[in-house]
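> 3D, please:
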Amino acid sequence: MDPTYYCPSCGKDCDQEVLSEPKKGGGGRVIRCRLCGAVQRVSVEAAEETEGSVSVKAIVSEHDTSRTCNVEMVRGDDCAVGDTVVAECGDDAVGVTITAIERGGRRVIRAKAEDVETLWTRAVEQVIVKASVHEGRNTIPLYAQCEGETPFVVDQVYDFGRRKFRISHIKLRDGGLIRREGQWAPAHNVKRIYGYRV
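Below is the predicted model:
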C-alpha cells in the first residue's frame, strides 16, 4: 500500500510512490505523487511517522480490575511516568496515565518507546489525540488532550497548542480512513489526524 504524504503541488494529502529510501546517516525519502507526478524529498521524521511505530504492552487498571492492552508509540519517542496516552484494548480506546515503566526487568521513570517491556497505567476520562500537520515540506507532530467524545470533523479548523490547522483526513482505530468534508469521528475512535497549517 502506498504511503500518504502532503503534496505541495496538489495542495493536499495524496498517495505517493516511494522512489528511494533515506541513506544511512541522513537524507530523506524520495517520493512521487500518484496524482500529479510531482517528486519531493520528505524528512526521515515524516517517513518514520508512517512506519516507525511500536506496539507496547500495557496493563490498564480501571476501578478494581486490570486488563492487558497495547499502546502504539513512535520509535525513538520518550515516555515517562505521568504521561497520558491512549491504550487500545480490543475495540476500545482508553485514555490512561502511565504509573510505572518496566525496561530490562527494572522499573524506570523514563524510557524510549522501543525499550519499554511493559507500561503500568491507570484509566482516565480523557484521551490524547495525535495530529500530523503539514507546513510546507515539514510535518509537525501535535498532541491534544480532550474528552473521549469530542468530535473531529474533516475540513474544520482546530487549535492544538496555539497551532491552527485544517483537517484533511482522519485515520480511525479500526483501520478506516475518512476524507470527505463534514465526515467526523469522536476522539476515542481517532488513531491520527492529518491536516495542514492555516
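> so which elements touch the strand ranked longest in the chain?
For the chain, the strand with the greatest residue count under DSSP state E is strand 92-103. Judged by 3 or more C-beta pairs under 8 Å, 6 or more residues apart in numbering; DSSP states H and E, strand 92-103 is in contact with strand 53-62, strand 78-80, strand 84-89, strand 106-108, strand 110-112, strand 118-123, strand 126-135. In short, each C-beta sits where N, CA and C put it, glycine included.
> can you tell me which of those is nearest to N189?
When the helices and strands packed on strand 92-103 are compared for distance to N189 using C-beta to C-beta, the nearest one is strand 126-135, at 9.7 Å.
> and that closest one, what's buried?
In terms of neighbour count (16 or more other C-beta atoms under 10 Å), strand 126-135 has its buried residues at Q126, V127, I128, V129, K130, A131, S132, V133, H134.
> break this structure down into its domains, please.
The chain is divided into the following domains under automatic domain parsing: 4-51, 53-124, 127-197.
> save those domains as JSON lines, and put in mean pLDDT too.
Written out in JSON lines, the entries for those read as follows (pLDDT from 0 to 100):
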{"stretch": "domain 4-51", "mean pLDDT": "72"}
{"stretch": "domain 53-124", "mean pLDDT": "88"}
{"stretch": "domain 127-197", "mean pLDDT": "88"}
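> give me the neighbour count for V154.
20 (other C-beta atoms under 10 Å).
> now C69
Applying other C-beta under 10 Å, we find 22 residues neighbouring C69.
> thinking it is in contact with A87, fair?
Yes: if you go by C-beta atoms under 8 Å, C69 and A87 touch, sitting 4.2 Å apart.
> any common contacting residues for these two?
A58, V60, V94 (C-beta atoms under 8 Å, 6 or more residues apart in numbering).
> mind listing what's buried in the longest strand of the chain?
Going by neighbour count (16+ other C-beta under 10 Å), the buried part of strand 92-103 is A93, V94, G95, V96, I98, I101, E102.
> show residues contacting it.
Applying C-beta under 8 Å, 6+ apart, the external contacts of strand 92-103 come out as 58, 60-62, 69, 71, 79-88, 107-111, 115-128, 145, 148, 173, 188-189.
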